[in-house]
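Participant: Okay, sequence plus prediction incoming.
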Amino acid sequence: MTDGKSNVTGDPLLTQNVKGQWDNPYILPWWQQLVFILAFVVMFIVAVVGNFVVIWIVLAHKRMRTVTNYFLVNLAIADGLISLFNTLFNTVYLLYGNWPFGRNYCKFSMFISPCTISASVFTFVAIALDRYMAIIHPLKPRWPARVVIGIIGAIWFTSIGISLPNLMFAETHSYRYDSGRIRTICVLNWPDGVYKTMDFVYNVVLLVLNYFLPMIILAIAYVIVGVHLWHSRSIGEKTPRQIESVKSKRKVVKMLIIVVVIFGICWLPMHVYFVLTNFCENIGIYPHIQQIYLVIFWMAMSNSMYNPIIYCWMNTRFRKGFKYVFRCCPFVTWGPKDSLLHIGGTTVRQSWGGTECKLERNGSTMHTLDESLDETTCYNYSHSRYPREGRYNGMAENSM
């Protein structure tokens, strides 16, 4: 947090004396520090462990390697990266108003946050398009593995491009108080200065690309999918398999919608805050703004821990994977029936050619190559700133 807009000027590496102020005013009372530390540590543990378990469940089990699940792995990687390389470092920064990790990590921290958030948002869009094609156009060919890998590569390439300005312009600036204590901040020092026009434009671009535009696309896609699943009627009488398939698709769409809605709720306050900073120049010195921003930051970062919880809660196969990983815990009951190779009371037999189950839809037959979220289907494996100190700094179907 700065002491005013005009304080961050000149050489960002130069230590500036703060006259008339004895010490760093941004150190919270011990009990507030304890509350925030516990909240962030719990969130960090759940996010890192949960997302790496999701990655393991998909990559270690062939029947889980599907189009939507690969996108969920990409989402878990993005969430894991921001938790590992941004959350705890910026928690320390926000609690004490001091950046002790050096200039280079200031640049990296400023870069990794918008990069991973962009990757998450674009992955949401890719999942929505995949679900749209699978449900609205079921007879069209699904994306092959090389296309999925290409899409994931494009997602990260675009995310890196969006975040490069942070890597280029992030700098540290230090203040020396009358007590002799030095406080360092991590800021975006744009060519036109700190918190000037370029900073405002960049915040608006991030708001549009990382929030409003993707949320509009997601809303349209899931509305169309929802109308199709809940209100469309097929010609003729539905078979029990078709009925179960529709129920399974509804479960998956509900789960994905919940994931997107929680993302929107978690990140909206952060986006709004950074737009407001360009209209309220002194927002950084408002009473209790430090605590308010810590809550906003926690909300945004906590999004990384919710997805694994949602998968475990709403999806049988992910739940089985989590139960296996935590089977040694006294409150977890795990048995052979909880194996990921066990479906609906029967065991899937694997062969070199994969399983041979197919899904009938309106009289047609098609391979369910990417429906690992669908608990009723089988699979063919052969196709297989502190306030004002820097932004953020501070599937298949029901069987995923």
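Facilitator: Nice, thanks for sending it over. Numbering: from 1, shown residues only.

Participant: what are the phi and psi angles of residue 28?
Facilitator: Main-chain dihedrals, residue 28, degrees, to the nearest 10: phi -80, psi 160.

Participant: helix, strand or coil for the residue lying closest to it once chain neighbours are set aside?
Facilitator: Among residues not flanking residue 28 along the chain, residue 95 sits closest, at 6.1 Å (CB to CB, 6 or more residues apart in numbering). To be clear about C-beta, it is placed using only N, CA and C from the backbone, and glycine gets the same treatment. Under DSSP: H, G, I helix; E, B strand; the rest coil, residue 95 falls in the helix class.

Participant: same check, this time on the one 3 residues further on
Facilitator: Reducing the assignment at residue 98 to three states with three-state DSSP gives coil.

Participant: the strands in this structure, which residues?
Facilitator: For the chain, the strands defined by DSSP state E cover 15-17, 170-176, 182-188, 342-343, 346-347, 358-361, 364-367.

Participant: Strand partners (parallel or antiparallel) of the second one?
Facilitator: Strand pairing for strand 170-176, determined by DSSP bridges: strand 15-17 (parallel), strand 182-188 (antiparallel).

Participant: And those strands: which comes nearest residue 66?
Facilitator: strand 182-188 (39.6 Å; CB to CB).

Participant: how far out from the middle of the chain is that closest one?
Facilitator: On the basis of CA atoms, centre = their mean, to the nearest Å, strand 182-188 sits 27 Å off its chain's mean C-alpha point.

Participant: List the buried residues in it.
Facilitator: 183, 184, 185, 186, 187, 188 (16 or more other CB atoms under 10 Å).

Participant: From these, pick the one nearest residue 274.
Facilitator: Using CB to CB as the measure, the one of the buried residues of strand 182-188 that approaches residue 274 most closely is residue 188, at 10.8 Å.

Participant: Specify the beta-bridge partners of the closest one.
Facilitator: According to DSSP bridges, beta-bridge pairing links residue 188 with residue 170.

Participant: circling back: the strands of the chain: lowest mean pLDDT?
Facilitator: Ranked by mean pLDDT, those bottom out at strand 364-367, which scores a mean of 29.

Participant: Identify each of the helices in the chain and give its residue range.
Facilitator: 30-59, 67-82, 88-96, 102-136, 145-169, 197-207, 213-231, 240-276, 289-314, 316-325 (DSSP state H).

Participant: which residues touch residue 106?
Facilitator: Residues counted as contacts of residue 106 (CB atoms under 8 Å, 6 or more residues apart in numbering) are 99, 170, 171, 172, 186, 393.

Participant: let's see 7 Å
Facilitator: Contacts for residue 106 (CB atoms under 7 Å, 6 or more residues apart in numbering) come out as 99, 170, 172, 186.

Participant: In those residues, find the pair that's most separated.
Facilitator: Farthest pair in those, by CB to CB: 99 and 170, 10.4 Å.

Participant: okay, the two: which has more neighbours?
Facilitator: residue 99 (28 against 23; other CB atoms under 10 Å).

Participant: Please look at the more buried one and residue 90 and confirm they touch.
Facilitator: No: the criterion here is CB atoms under 7 Å, and residue 99 misses it with residue 90 at 8.9 Å.

Participant: Ignoring the adjacent residues along the chain, who's closest to residue 302?
Facilitator: residue 43 (5.1 Å).

Participant: What does the pLDDT read for that neighbour?
Facilitator: You'll see residue 43 listed with a pLDDT of 97.

Participant: can you check residue 24 too?
Facilitator: In this model, residue 24 carries a pLDDT of 71.

Participant: Test my guess that it contacts residue 177.
Facilitator: Yes: judged on CB under 7 Å, residue 24 makes contact with residue 177 at a distance of 6.4 Å.

Participant: I'd say the residue nearest to residue 28 and residue 29 touch.
Facilitator: No: with contact defined as CB under 7 Å, residue 95 does not reach residue 29; the gap is 10.9 Å.

Participant: between these two, which one's more packed in?
Facilitator: residue 95 (19 against 8).

Participant: Tell me how far the residue lying closest to residue 77 once chain neighbours are set aside lies from residue 190.
Facilitator: Distances taken as CB to CB, 6+ apart put residue 55 closest to residue 77, at 6.8 Å, once the chain neighbours are dropped. For residue 55, the distance to residue 190 equals 36 Å [CB to CB, to the nearest Å].

Participant: Next: residue 295.
Facilitator: Going from residue 295 to residue 190 by CB to CB gives 27 Å.

Participant: Give me the more crowded residue out of those two.
Facilitator: Neighbour totals were compared for residue 295 and residue 190, and residue 190 leads with 18 against 12 (other CB under 10 Å).

Participant: Tell me the spacing between that one and residue 170.
Facilitator: Counting by CB to CB, the gap from residue 190 to residue 170 is 10 Å.

Participant: circling back: can you get me a residue count around the residue nearest to residue 77?
Facilitator: Other residues near residue 55 come to 18 when the count uses other CB under 10 Å.

Participant: Thought residue 75 was touching it, still the case?
Facilitator: No: applying CB under 7 Å, one finds residue 55 not in contact with residue 75, separated by 9.9 Å.

Participant: For the stretch 201-350 of the chain, give me the ranges with low pLDDT.
Facilitator: 232-238, 338, 340-350 (pLDDT under 70).

Participant: switch to 50 and redo it
Facilitator: Under the criterion pLDDT under 50, the flagged ranges of the stretch 201-350 of the chain are 343-350.
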